[in-house]
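Peer 1: I would like to see how this sequence folds:
(one chain, ligands or ions: 1)
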Amino acid sequence: MPAHSTKNGFSAHKLTDAPDFLDVLIVGAGFSGLGMAIKLLEAGTTSFLVIEKADDIGGTWYANQYPGCACDIPSHLYSFSFDRNPEWSRMYAGREEIQTYLKACVSRYGLEPYIRVNTAMQQAVWDEAAALWRVTAANGTIFTARVLVSAVARVSTDQRTGKICRPGISLDRVGRKCAA
Ligand SMILES: Cc1cc2nc3c(=O)[nH]c(=O)nc-3n(C[C@H](O)[C@H](O)[C@H](O)COP(=O)(O)OP(=O)(O)OC[C@H]3O[C@@H](n4cnc5c(N)ncnc54)[C@H](O)[C@@H]3O)c2cc1C
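Peer 2: Here you go, the predicted structure:
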């Protein structure tokens, strides 16, 4: 089944496009997930995917689109430490400029093939016998991965229980290879 492009240019792959087995599955394409992906590539790992429930990357800076949305620390501090941006147009960059920076990072590091948008993790189950995660996305795609990285952000999770608390999502992370 062929992949099709979303309005933002990323692939929205269908079930049969999912790789059989990944070393690492990253959930969330904000600063955290993208930073992790860049570092995996730099370390020579190519068996990974970033899945993102929204239809574009950027996380916070894509989700919040209200007028005046901006960072509240000086912009020169608000970028990846390994990829400083000398081009911020103002002291406290707006959300659009920050998302543009993140998109430029995706392009600069060649991350496009590793990102699946419109792919919300719905369930993650640790298969003890096979020693891997079986992750089901809301669109029906099933991923298997040795390591699961949760980059869904603090507001998406209940820190007391370790459960993803968005509606319809359940994830037991206790004692498993799962990073946040
Ligand atoms: C207005 C505003 C101003 C801020 N200013 C600052 C600042 O000045 N300095 C600072 O340090 N921080 C600031 N922050 C905090 C900011 O959120 C973080 O700095 C950073 O962007 C968080 O990145 P993240 O990748 O951890 O999370 P996010 O950017 O929230 O990304 C998480 C991603 O996970 C995705 N996701 C969630 N659940 C699922 C799922 N089940 N399946 C697939 N994908 C999923 C989400 O759609 C999202 O794209 C600000 C936040 C806001 C809203």
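Peer 1: So the strand or helix carrying L34, near the ligand or not?
Peer 2: Counting by DSSP states H and E, the element that carries L34 is helix 31-42. Yes. For helix 31-42, a contact with the ligand is found by C-beta under 6 Å from any ligand atom, at 31-33. Backbone N, C-alpha and C define where each C-beta goes, glycine included.
Peer 1: so where is the chain shaky, pLDDT-wise?
Peer 2: 1-19, 155-180 (pLDDT under 70).
Peer 1: what residues does it put near the ligand?
Peer 2: 27-33, 51-54, 59-60, 64, 69, 71-73, 78, 120-121, 151-153, 156, 164, 166, 169.
Peer 1: that older thread, report all helices and strands that the helix holding L34 contacts.
Peer 2: strand 22-27, strand 48-51, helix 95-108 (3 or more C-beta pairs under 8 Å, 6 or more residues apart in numbering; DSSP states H and E).
Peer 1: Residues contacting it, please?
Peer 2: 24, 26-27, 48, 50, 52, 57, 59-60, 80, 82-83, 102, 105-106, 109-111, 114-115, 149, 151, 153, 179 (C-beta atoms under 8 Å, 6 or more residues apart in numbering).
Peer 1: where along the protein do the strands fall?
Peer 2: Assignment of strands within the chain using DSSP state E yields the ranges 4-5, 11-12, 22-27, 48-51, 115-116, 121-127, 132-137, 142-150, 157-158, 163-164, 170-171, 178-179.
Peer 1: Distance to I38 added to those, as JSON lines?
Peer 2: Converted to JSON lines, the strands of the chain look like this (distance: least, C-beta to C-beta, whole Å):
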{"stretch": "strand 4-5", "distance to I38": "23"}
{"stretch": "strand 11-12", "distance to I38": "19"}
{"stretch": "strand 22-27", "distance to I38": "11"}
{"stretch": "strand 48-51", "distance to I38": "10"}
{"stretch": "strand 115-116", "distance to I38": "12"}
{"stretch": "strand 121-127", "distance to I38": "21"}
{"stretch": "strand 132-137", "distance to I38": "21"}
{"stretch": "strand 142-150", "distance to I38": "13"}
{"stretch": "strand 157-158", "distance to I38": "23"}
{"stretch": "strand 163-164", "distance to I38": "24"}
{"stretch": "strand 170-171", "distance to I38": "24"}
{"stretch": "strand 178-179", "distance to I38": "15"}
